[in-house]
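Structure for this input, please:
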Amino acid sequence: MKFNFNNKSSLQILFGAALILLIPNLVLDIIDNKNNSISSKTELSSAEIDSLFRLSLHSFGLLDDWIKESKSSKLDKSYKVKIPKDLSIPVILVEINSNFWESEVTISSVEKIFSGRTILEIKSKDEIKLRADFDYDKSIFRSAGTAAFILENFELSSFEDSLLLDIPEPYSPLLIPSTENLILCKFIIDKQKTFSLLLNDDIPELKYKLKDSYSQNRLKGSLLSIINDFSSATYFFIDDRSDLFNSSVFSYLKDELVKRKIKILKLSNLQKLDFSEINVLISSFDTFMKNTREGESITFLISADNFIHLLPEIMSYGKIGYKIVHPSETLPE
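Predicted coordinates:
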């Protein structure tokens with residue numbers, strides 16, 4: 001299958017440069033596999049081309065009302081497709097290309113207006129089987145909610161763990177005050193990410209520990225150590241099921257935080273996704289997302305491991321129009 005975009009010369013130059021570097025290692029493989037590659041391509045009927053094209057559009061949450069068929073005596077299928085402004089036409093074209101990758105078709109596109117109207121053609125045996133006219137429409141919107149993620153049990157015990165900080169999806173690790181996490185939060189900041197802090201009964205070190213039995217001076221000392229060492233935290237959370245929250249000293253601690261204009265929120269404000277079975281995790285996440293409508297938001301509390309398992313599903317929802325944002329955009333001030 002062939003695929004080309006007009007007005008993409010810079011990308012072609014970069015691709016060409018990369019190809020030159022790879023040629024010495026690829027020439028023999030290309031020669032050996034040429035015949036196999038050609039024979040592996042699948043020939044599609046007009047109906048199959050049409051079905052795969054529409055499937056590509058629906059994967060972005062486009063409604064049937066936005067995909068209008070135009071009558072043409074010369075073509076099997078012709079469409080005018082309206083695109084909401086929050087979606088990029090080039091992104092759709094890449095998806096179509098990907099879905100037809102194993103097919104014996106040629107795909108080409110021409111951008112009629114810069115960053116706007118684009119004509120796509122799909123050919124089979126040099127015959128145009130489908131043409132689509134894509135254009136943006138300011139009056140249409142993909143109706144979907146907003147989601148954010150706070151990650152508990154976040155650690156970097158291996159190189160694979162550190163790669164989590166390089167993914168583009170926004171999230172905020174939730175850390176308990178400790179010397180180890182002080183080092184971790186600096187690494188998170190260096191990666192241009194943010195973190196939040198959790199106050200509970202499990203703070204391990206005396207420097208940061210908060211207990212009902214402590215005097216007010218000792219409590220203030222621990223709290224100031226936390227505030228000074230973790231000053232970059234976006235939010236402070238309190239575990240409202242903890243003994244600390246239900247103790248007589250919590251109101252004092254809260255007043256001290258508020259006095260310093262530090263946001264403190266209850267952990268119960270977050271929707272916890274805590275399932276050991278991956279299927280149950282995905283099913284529960286799907287239910288919450290589908291019940292989150294346009295203008296509504298939900299903030300999940302999830303372990304770092306479960307977040308990794310859920311990433312493909314999260315990206316799928318982002319693809320159809322759900323907004324995946326940083327927790328600061330969904331949590332109350």
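
Can you pull the poorly scored residue ranges out of this protein?
1-40, 158-161, 333 (pLDDT under 70).

How much space separates residue 189 from residue 152?
Residue 189 is 19 Å from residue 152, where distance means CB to CB, to the nearest Å. Bear in mind the C-beta positions are built from the backbone N, C-alpha and C, glycine included.

Which one of these two is surrounded by more residues?
residue 152 (21 against 12; other CB atoms under 10 Å).

what's the closest non-adjacent residue to residue 142?
What sits nearest to residue 142 in space, not counting adjacent residues and going by CB to CB, 6 or more residues apart in numbering, is residue 321, at 3.1 Å.

do the same with residue 76
residue 46 (4.3 Å).

Show the contacting residues for the one you found.
By CB atoms under 8 Å, 6 or more residues apart in numbering, residue 46 lies in contact with 76, 77, 124, 129, 130.

mind listing the helices for the protein?
Using DSSP state H, the helices found in the chain span residues 9-40, 46-58, 89-99, 159-162, 179-190, 216-229, 250-259, 278-290, 304-319.

among these, which is nearest residue 148?
Each of the helices of the chain was scored for nearness to residue 148 using CB to CB, and the closest is helix 304-319 (10.7 Å).

Now tell me what touches the closest one from outside.
Helix 304-319 is contacted from outside by 59-61, 144, 147, 149, 151-155, 161, 164, 167, 169, 171, 173, 273-275, 278, 281-282, 285-286, 289, 302, 324, using CB under 8 Å, 6+ apart.

Which ChimeraX command selects the buried ones in those residues?
What follows is the ChimeraX syntax selecting those of these that are buried according to 16 or more other CB atoms under 10 Å:
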select :60,61,144,147,149,151,152,154,164,171,173,273,275,281,282,285,289,302,324
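
Export the helices of the chain as CSV, with columns for distance to residue 137.
Formatted as CSV, the entries for those read as follows, by distance: least, CB to CB, whole Å:
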stretch, distance to residue 137
helix 9-40, 27
helix 46-58, 14
helix 89-99, 12
helix 159-162, 42
helix 179-190, 40
helix 216-229, 50
helix 250-259, 47
helix 278-290, 25
helix 304-319, 19
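
nearest to residue 204, of those helices?
Using CB to CB as the criterion, the shortest distance between residue 204 and those is 8.8 Å, found for helix 179-190.

how about the closest one as PDB, C-alpha atoms only?
Taking C-alpha atoms only, helix 179-190 is exported to PDB below (Å, rounded to 0.1, in the frame of the first residue of the first chain):
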ATOM      1  CA  THR A 179      13.600  10.700  52.700                       C
ATOM      2  CA  GLU A 180      13.300   8.300  49.900                       C
ATOM      3  CA  ASN A 181      10.400  10.100  48.400                       C
ATOM      4  CA  LEU A 182      12.200  13.400  48.800                       C
ATOM      5  CA  ILE A 183      14.800  12.200  46.300                       C
ATOM      6  CA  LEU A 184      12.000  10.800  44.100                       C
ATOM      7  CA  CYS A 185      10.100  14.000  44.000                       C
ATOM      8  CA  LYS A 186      13.200  15.900  42.800                       C
ATOM      9  CA  PHE A 187      13.600  13.400  40.000                       C
ATOM     10  CA  ILE A 188       9.900  13.900  39.100                       C
ATOM     11  CA  ILE A 189      10.300  17.700  39.000                       C
ATOM     12  CA  ASP A 190      13.400  17.300  36.800                       C
END
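
buried residues in stretch 253-266?
Buried residues in stretch 253-266, counting neighbours by 16+ other CB under 10 Å, are found at 253, 254, 256, 257, 262, 263, 264, 265.

who touches the longest strand seen in the chain?
In terms of residue count, the longest strand belonging to the chain (DSSP state E) is strand 127-136. Contacts to strand 127-136, defined as CB under 8 Å, 6+ apart, come from residues 46, 49-50, 53, 70, 72, 74-85, 89, 92, 105, 116-123.

And it, what's buried?
128, 129, 130, 131, 132, 133, 134, 136.

repeat for stretch 45-52
Going by neighbour count (16+ other CB under 10 Å), the buried part of stretch 45-52 is 49, 50, 52.

What is the most widely separated pair among the buried residues of stretch 253-266?
Within these, 256 and 265 form the most distant pair, 15.8 Å apart (CB to CB).

re the thing from before, for the buried residues of stretch 45-52, which one is nearest residue 184?
Taking CB to CB as the measure, residue 52 is the one of these closest to residue 184, at 45.5 Å.

gap between the closest one and residue 312?
Taken as CB to CB, the spacing of residue 52 relative to residue 312 amounts to 21 Å.
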